[in-house]
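Participant: Generate a structure from the sequence data that follows.
(one chain, ligands or ions: 1)
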Amino acid sequence: PLSEITKIHASLSSTFLTSLSSTKPSPPSSTTPYPLLSLPYRQNQLLQLASLVQENADALCHSLWVDEGKPRQEVLMAEIWAVIDRALKSARELEAWVGAGAEMGEDVKLDGWQAGWKARIEKKAKGVVLIISPWNYPITLTLQPLCGAIAAGCPALIKPSEVVPTFSALLAVLVPKYLDPAAYRVALGGVPEITRILELKWAHIFYTGNGRVARIISAAAAKHLTPMTLELGGKSPVIIDGASLGEEELRVAARRIVWGKVNNAGQICVAPDYILIEPAYIPQFTSTCRAALESFFPNGALNSPDYGRIVSEAHFARVKGLLRDTKGRVVIGGGVLDGSEGLQEGAGARGVEPTVVLLDEATAADDVLLQDEIFAPILPIVPVASVAAALAYVRAHEHPLVIYAFTESEDVKREVKAGTMSGSVVFNDTFNQLSVDEIPFGGIGESGYGRQPLKWTFEEFVYLRSVLDVPFR
Ligand code: NAD
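Facilitator: Numbering: from 1, shown residues only. As a prediction, this is how the structure comes out:
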């Protein structure tokens, strides 16, 4: 109920304030085995989070199968294992992130006339935070930010997506079983509930979703001067430098691009959105895409339990509209599975075949497939005169979350890096930037701001506090 939200906010705030005001943290008790928000407490909660996911992996997989027809293997690979691994790593690395030592922070050595002064930098929890997550990778995109909040020492209210109700309800049952209810809570609901939640003052809002809603949330946050992390999407291009690639490289490129596109049936923020390629390489590229798809789904993607479905009727209607309205020529796929055929449970029936559409060079810019983020297994090919023209096209549009480029040329790599802006640049693969924990992930401009995972998520939830101690003499 909405009336509960204010109470929950007040109780999380009281938890945080109590932990702040006790200069000597209270000794462990039966309800809280470690002093609230101390390092051992945070490490314990991170391990508890890993247990939550590990011990309930089957139920979590099943919930996403019911809600969005997501194949188990995809949930295991991109969500279950990723979150367990990152929760464990966060627990292990936390001391180093915070700054080792009893007082948690980093002493800074001053020189010259300030040599006798004591200076420190401490990474302090911002306070009670709000995490709003989307439906497309709901386990990762809810619990990965939560890892950062726990690591930082911030109590959190989690608002998972109403588009995946089975998952969200399951999470609301599991969180209080595994995590400290004084510090971590789940709120269920849709727009009316989140609107009320946004009236309250949060110390930080971590939002993952689309740019339209990000603007609504930013406006609400601005009323309280609340800092935010915005993990958004957009159109991530793929540049293919055909001249530098041999037959085998082009084959591997097509395979990796198609793989990036069929994951979760294209419903991922880093899906390759469209291809920029010179006309001479298009026939070979499309035939290698076809071969790759045949090897992934020998009996056809729509007959495979390992191929995802479109999440909702509204999105399904939108995707069918794209296929209907494009002026391009469908060269691979194009089929949809409507009605009650196909897989029996949940979203099973809303299937869209992996589809490649060849656009006409002269009219491509106005095509419906080149307007908004596609977020579906449709891959348009845009013929361009050269790699330079491809880069000019990318520069003329909003900064994407990622730019993919397939090339063996170091000069082209340099041009891509120097001549464009995006959250990430990935050469010769797709999707795998998400598997590298050592580099930050996030957007720029329309694709958002702020970074994750691990240490970078932790840093979203802390502020740097300077401490200066000047001697009297
Ligand atoms: P969604 O519809 O589940 O919405 C996300 C959250 O916003 C939900 O919790 C929902 O309750 C809330 N919301 C919806 N309407 C709201 C409103 N009017 N006011 C306040 N809150 C509201 O998910 P979505 O936005 O369709 O997610 C897909 C988008 O997210 C795509 O654009 C995708 O690229 C992007 N995305 C980005 C990342 C990333 O890490 N950068 C990851 C996944 C998805």
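
Participant: For the protein, which residue gets nearest to the ligand?
Facilitator: Nearest residue of the chain to the ligand: Gly233, at 1.8 Å (CB to the nearest ligand atom). Bear in mind the C-beta positions are built from the backbone N, C-alpha and C, glycine included.

Participant: Number of residues surrounding Ser14?
Facilitator: Ser14 has 13 neighbouring residues, counting by other CB atoms under 10 Å.

Participant: Repeat that for the one 4 residues further on.
Facilitator: Around Thr18 there are 14 other residues, counting by other CB under 10 Å.

Participant: Quick check: pLDDT value at it.
Facilitator: Confidence at Thr18, expressed as pLDDT, is 88.

Participant: Leu2 now?
Facilitator: For Leu2, pLDDT reads 73.

Participant: Equivalent analysis for Ala100, please.
Facilitator: pLDDT for Ala100: 66.

Participant: same question, Cys289
Facilitator: With respect to pLDDT, Cys289 has a value of 98.

Participant: For Ala203, give me phi and psi.
Facilitator: The phi/psi pair for Ala203 (degrees, to the nearest 10) reads phi -80, psi -20.

Participant: Contacts only, for it.
Facilitator: 126-129, 154, 226-227 (CB atoms under 8 Å, 6 or more residues apart in numbering).

Participant: before we move on, back to that, what is the neighbour count of the nearest residue to the residue of the chain closest to the ligand once chain neighbours are set aside?
Facilitator: Excluding the flanking residues, the one nearest Gly233 by CB to CB, 6 or more residues apart in numbering is Cys269, at 4.1 Å. The local packing of Cys269 (other CB under 10 Å) involves 28 other residues.

Participant: Confirm for me that Cys269 is in contact with Leu230.
Facilitator: No: applying CB atoms under 8 Å, one finds Cys269 not in contact with Leu230, separated by 11.7 Å.

Participant: Give me the common contacts of these two.
Facilitator: By CB under 8 Å, 6+ apart, no residue touches both Cys269 and Leu230.

Participant: Just say helix, strand or coil for Ile84.
Facilitator: At Ile84 the chain is in helix, as set by DSSP: H, G, I helix; E, B strand; the rest coil.

Participant: Looking at it now. What's its pLDDT?
Facilitator: 98.

Participant: how much space is there between it and Leu146?
Facilitator: From Ile84 across to Leu146, the span is 13 Å (CB to CB, to the nearest Å).

Participant: hang on, the earlier thing: quick one: which of the contacts of Ala203 has the most company?
Facilitator: When neighbours are taken as other CB under 10 Å, the top entry among the contacts of Ala203 is Cys154 (31 neighbours).

Participant: So which residues on this structure come close to the ligand?
Facilitator: Taking CB under 6 Å from any ligand atom as the measure of proximity, the chain contacts the ligand at 132-137, 141, 159, 161-163, 190-191, 194, 208-210, 213, 216-217, 231-233, 269, 373, 375, 401, 443, 448.

Participant: Surely Ala364 is in contact with Ala389?
Facilitator: No: when contacts are counted by CB under 8 Å, Ala364 is not listed as touching Ala389 (11.7 Å).

Participant: Pick out whichever of those two has more residues nearby.
Facilitator: Per other CB under 10 Å, whichever of Ala364 and Ala389 has more neighbours is Ala364, with 21 against 15.
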